[in-house]
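Undergrad: okay, structure incoming, though there's no sequence with it:
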């Protein structure tokens, strides 16, 4: 498999990596509330990773289109 094929496969997968961070934050918060931070981190990472693939991220083309629409609308 060449580098071009690898890059093409990586571009096809869209996931939202910020969801992992949100899941970890919520996991730590619930872990601290229930006095079990380790378990909260584990659950937060699992839920965050699941949400990262469930909720699609915006592609670069969509983001650039939104910014041009916002700037022209003002």
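TA: Everything's here; your move. Because the structure is predicted, anything quoted here is derived from the model rather than measured.
Undergrad: going by C-alpha atoms from here, please, whenever you check contacts or count neighbours.
TA: OK.
Undergrad: now do the buried residues in the helix or strand hosting residue 21.
TA: Per DSSP states H and E, residue 21 falls inside helix 18-33. For helix 18-33, the buried set under the neighbour-count rule, 16 or more other Cα atoms under 10 Å, comprises 19-31.
Undergrad: from those residues, which single one is nearest residue 55?
TA: The closest of the buried residues of helix 18-33 to residue 55 turns out to be residue 19 (Cα to Cα; 8.4 Å).
Undergrad: where does the protein have low pLDDT?
TA: 1-13, 59-74 (pLDDT under 70).
Undergrad: what's next to the top helix by length along it, contact-wise?
TA: Among the segments of the chain that qualify as a helix by DSSP state H, the longest is helix 37-54. Residues outside helix 37-54 that contact it (Cα atoms under 8 Å, 6 or more residues apart in numbering) are 14-32.
Undergrad: let's see 7 Å
TA: 15-17, 19-24, 26-28, 30-31 (Cα atoms under 7 Å, 6 or more residues apart in numbering).
Undergrad: for residue 20, what are its contacts?
TA: Neighbours of residue 20 in contact, by Cα under 7 Å, 6+ apart: 45, 48, 49, 52.
Undergrad: and if we set it to 8 Å?
TA: By Cα under 8 Å, 6+ apart, the neighbours of residue 20 are 44, 45, 47, 48, 49, 51, 52.
Undergrad: distance of it from residue 30?
TA: 15 Å (Cα to Cα, to the nearest Å).
Undergrad: and for residue 21?
TA: 14 Å.
Undergrad: next one: residue 48
TA: 14 Å.
Undergrad: overlap in contacts, those two.
TA: Counting by Cα under 8 Å, 6+ apart, nothing touches both residue 48 and residue 30.
Undergrad: what's around residue 52, how many residues?
TA: The burial count assigned to residue 52 is 21, neighbours taken as other Cα atoms under 10 Å.
Undergrad: I misspoke; the intended subject was residue 41.
TA: For residue 41, using other Cα under 10 Å, the count is 21.
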